[in-house]
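> What shape does this take:
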Amino acid sequence: MSSADPRAEARRVLAICNACGYCNGFCDVFESARLRPALTDTDLEHLAHLCHHCRNCLYACQYAPPHPFAVNVPRALTELRHHAYLRHAWPRPLARLLVDGPASALLVALATIALVLGAVLALVPHTVLFAVHQGPGAFYAVIPWGWMSLLAALPLGWSLLAVAVSLRRVWREGASAGEPPPAWRDWRAALADLATLRNLRGGGPGCNDLDDRPSHWRRRLHHTLLLGLLGCLAATTVATVYHHLLGLQAPYPWWSLPVVLGTLGGLAMTVATLGLAWLTLRADPTPSTSASRGADAALLALLAAVALSGLALLGWRATAAMGVLLALHLGTVIAFFLLIPYSKLVHGGYRALALLREAAAKRRRVR
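Numbering: from 1, shown residues only. Here you go, the predicted structure:
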């Protein structure tokens, strides 16, 4: 059974779950829903973002399809999350990127890469672009440091602003229901839940990655991807310190801290994206939607492109291919930055707010 309004379907299935109570030990969603019997629109959106899509409840449910009740909580909350992304996206006209999903992501990524590569081919003399550059400042002989930093900083700054506006809208909607501000201990509890992905454990045995057999692979791959992103961020931060405080210019030696962190981060991202793509391709489609699977595929492809282009640049940086590889990597990074607010990656911020709100609610219940 489905509904044109995702809130109506989510309200229907969660009302049945509240009456049943069998799945309350799987994650925080069901206990939180039980304490919100009215299931208002604000409640439903909170529960949708609190759901980590572990899928356990579907395979444990006695009312799941083909039962006439057709209870499919993961699918209903997935549809509601997508509805929330569209509703809160800023600026609203760019929410269209979320509607088209993979097609929009592919178009933006290809256009950005083509624009950067075309500009480099047009503006950099071929005797410089295809020459072998080695030693400190080799990258900047092709693309000056100032331009490289500006081209990356502008889209990243725009995306951070867009995400901040969207998250502020979500939080204000919840606060309008009379919620007090979270305490410091709530922030710590939410951060712990976010870092450990506690709600992706399915109550202990793991989530149903492929079918009704539980495992911890999805959670492990999510952690690997997060560590990879943090490794790349750390590499960029250390390289910035090297450049501005120590006067050392990239590229750095293989054994230097920025290169080691960036290499490990790129390898972790590659392993994680390939592993998650394998799980997505083989998984039972029943708990998800075609839009969600497409968004997952688009994000994983973009993250893999960022990681692989960076590793390729590292491997061939002392050859004549360095200039083209640098432009390709810069283009994929810019595309990734541009798409942050309009891709599946934005779910991390929404989920963090849901965990924070849930931690505050738990503390108030204990008191």
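> count of residues packed around Leu325?
Other residues near Leu325 come to 20 when the count uses other C-beta atoms under 10 Å. From N, CA and C alone the C-beta is placed, and that goes for glycine too.
> Wait, Gly349 touches Val165, no?
No: assessed by C-beta atoms under 8 Å, Gly349 is found out of contact with Val165, at 11.1 Å.
> can you give me phi and psi for Pro287?
Here is the backbone geometry of Pro287 (degrees, to the nearest 10): phi -80, psi 0.
> doesn't Cys51 make contact with it?
No: contact criterion C-beta under 8 Å: Pro287 and Cys51 do not qualify, at 10.6 Å.
> what do the two both touch?
Here Pro287 and Cys51 have Pro74, Thr78 as joint contacts, going by C-beta atoms under 8 Å, 6 or more residues apart in numbering.
> Could you pull up phi and psi at Ile143?
phi -130, psi 120.
> Numbering from 48 from now on, please.
New numbering, starting at 48: the last item is Ile190.
> Just the pLDDT at it, thanks.
Ile190 is assigned a predicted lDDT (pLDDT) of 96.
> cool, and Ser223?
58.
> hmm, which helix or strand of this structure has the shakiest average pLDDT?
Every helix and strand of the chain was ranked by mean pLDDT, DSSP states H and E. The lowest is helix 143-147, at a mean of 71.
> hmm, back to that, quick one: which of Gly396 and Val212 has more around it?
Set Gly396 next to Val212 and count neighbours by other C-beta under 10 Å: Gly396 wins out with 17 against 14.
> any low-confidence regions in the stretch 98-247 of the chain?
146-148, 223-226 (pLDDT under 70).
> Show the residue spans covered by the helices in it.
Ranges of helices in the stretch 98-247 of the chain, per DSSP state H, counting those that start in this stretch, are 103-107, 120-135, 143-147, 149-170, 173-176, 192-222, 231-243.
> could you redo these as TSV and give each row distance to Pro261?
Formatted as TSV, the helices of the stretch 98-247 of the chain follow (distance: least, C-beta to C-beta, whole Å):
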stretch	distance to Pro261
helix 103-107	7
helix 120-135	14
helix 143-147	31
helix 149-170	29
helix 173-176	52
helix 192-222	31
helix 231-243	17
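> Compare these and give me the one nearest Arg266.
helix 231-243 (8.8 Å; C-beta to C-beta).
> Give me the distance from the closest one to the chain's centre.
18 Å (C-alpha atoms, centre = their mean, to the nearest Å).
> Determine how far whichever helix or strand comes after that helix lies from the middle of the whole chain.
Remark: after helix 231-243, the chain's next helix or strand is helix 264-291, criterion DSSP states H and E. From the chain centre to the centre of helix 264-291 is a distance of 14 Å (C-alpha atoms, centre = their mean).
> what inclination does helix 264-291 have with respect to helix 192-222?
Put simply, helix 264-291 runs at 130 degrees to helix 192-222, going by axes from the mean of the first three to the mean of the last three C-alpha atoms, to 10 degrees.
> For helix 264-291, the averaged confidence score.
96.
> packing partners for that helix?
Counting contacts by 3 or more C-beta pairs under 8 Å, 6 or more residues apart in numbering; DSSP states H and E, helix 264-291 is packed against helix 304-329, helix 337-362.
> how about these in a markdown table, adding mean pLDDT, mean neighbour count and distance to Leu292?
Shown next, in a markdown table, are the helices and strands packed on helix 264-291 (pLDDT from 0 to 100; neighbours: other C-beta atoms under 10 Å; distance: least, C-beta to C-beta, whole Å):
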| stretch | mean pLDDT | mean neighbour count | distance to Leu292 |
| --- | --- | --- | --- |
| helix 304-329 | 96 | 19 | 13 |
| helix 337-362 | 94 | 20 | 23 |
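> And those helices: which comes nearest Leu133?
Comparing the helices and strands packed on helix 264-291 under C-beta to C-beta, the one sitting nearest is helix 337-362, at 10.3 Å.
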